[in-house]
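S.K.: Need a 3D model of the following:
(2 chains)
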Amino acid sequence: DQQVKQNSPSLSVQEGRISILNCDYTNSMFDYFLWYKKYPAEGPTFLISISSIKDKNEDGRFTVFLNKSAKHLSLHIVPSQPGDSAVYFCAASQIRQGGKLIFGQGTELSVKP
Amino acid sequence: DTGVSQNPRHKITKRGQNVTFRCDPISEHNRLYWYRQTLGQGPEFLTYFQNEAQLEKSRLLSDRFSAERPKGSFSTLEIQRTEQGDSAMYLCASSLGSTPYEQYFGPGTRLTVT
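M.R.: Below is the predicted model of the structure:
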């Protein structure tokens, strides 16, 4: 039962343009949603999170949007930079379940100069 | 460096051998989580601790796996009688109890079972 899904395994964008990464979930009880970035041979790095009671959170070039009715969230990166090239994971958490993270399969972003 | 550390970074072992991994969390974090990641997948939850108490174990954690956090600081994950299917990246993360979802990950231990 895949509760968190990232349906695009890869995405390629031009430097300076917007990158939009998408994530869908099935469990309406999730309290928080997070995005992590992962380089090869390293652990995931926390990027940004959003509470289920909000619909937008922004941090510098990164903005996360949450659409609860559609059970969908997205990460926008503007402007995209070559250093953003990595695998991005969306994750969801339920406080009552100890805060453990349920991850999607990841989307590999490639930002071309 | 005050981040999460894991040792060893790589481990190659023969099938049937026992292996043990160590995780040192961020010092003020009382929550510690273990995850496993295989190629092309996101990390999957294995178990977590609040201080020294192990509060949940995933169905993925067979009886060959055991985890401890004896003094509420570092944690160890042991796999007995390793199988080739155990080959994966084992990730440790820590967080504050007040914000358990905001987890900070270590670099992982890459296990290869031959």
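
S.K.: unless I'm mixing things up, residue B:75 is touching residue B:25, no?
M.R.: Yes. With contacts counted by C-beta atoms under 8 Å, residue B:75 reaches residue B:25, the gap being 7.4 Å. C-beta here means a position set from N, CA and C on the backbone, and glycine is covered the same way.

S.K.: between the two, what contacts are shared?
M.R.: Each of B:32, B:92 lies in contact with both residue B:75 and residue B:25 under the rule C-beta atoms under 8 Å, 6 or more residues apart in numbering or on different chains.

S.K.: residues touching the closest residue in space to residue A:112 that isn't next to it in sequence, list them.
M.R.: The shortest distance from residue A:112 to any non-neighbouring residue, by C-beta to C-beta, 6 or more residues apart in numbering or on different chains, is to residue A:14 (5.8 Å). Residue A:14 is in contact with A:80, A:111, A:112, counting by C-beta under 8 Å, 6+ apart.

S.K.: what's the distance between the helix or strand residue A:34 falls within and the middle of its chain?
M.R.: Using DSSP states H and E, residue A:34 falls within strand A:32-38. From the chain centre to the centre of strand A:32-38 is a distance of 5 Å (C-alpha atoms, centre = their mean, to the nearest Å).

S.K.: by contact count, what packs against it?
M.R.: Secondary-structure packing of strand A:32-38 (3 or more C-beta pairs under 8 Å, 6 or more residues apart in numbering or on different chains; DSSP states H and E): strand A:19-25, strand A:45-51, strand A:62-67, strand A:86-93.

S.K.: What pairs with that strand, parallel or antiparallel?
M.R.: Using DSSP bridges, the strands paired with strand A:32-38 are strand A:45-51 (antiparallel), strand A:86-93 (antiparallel).
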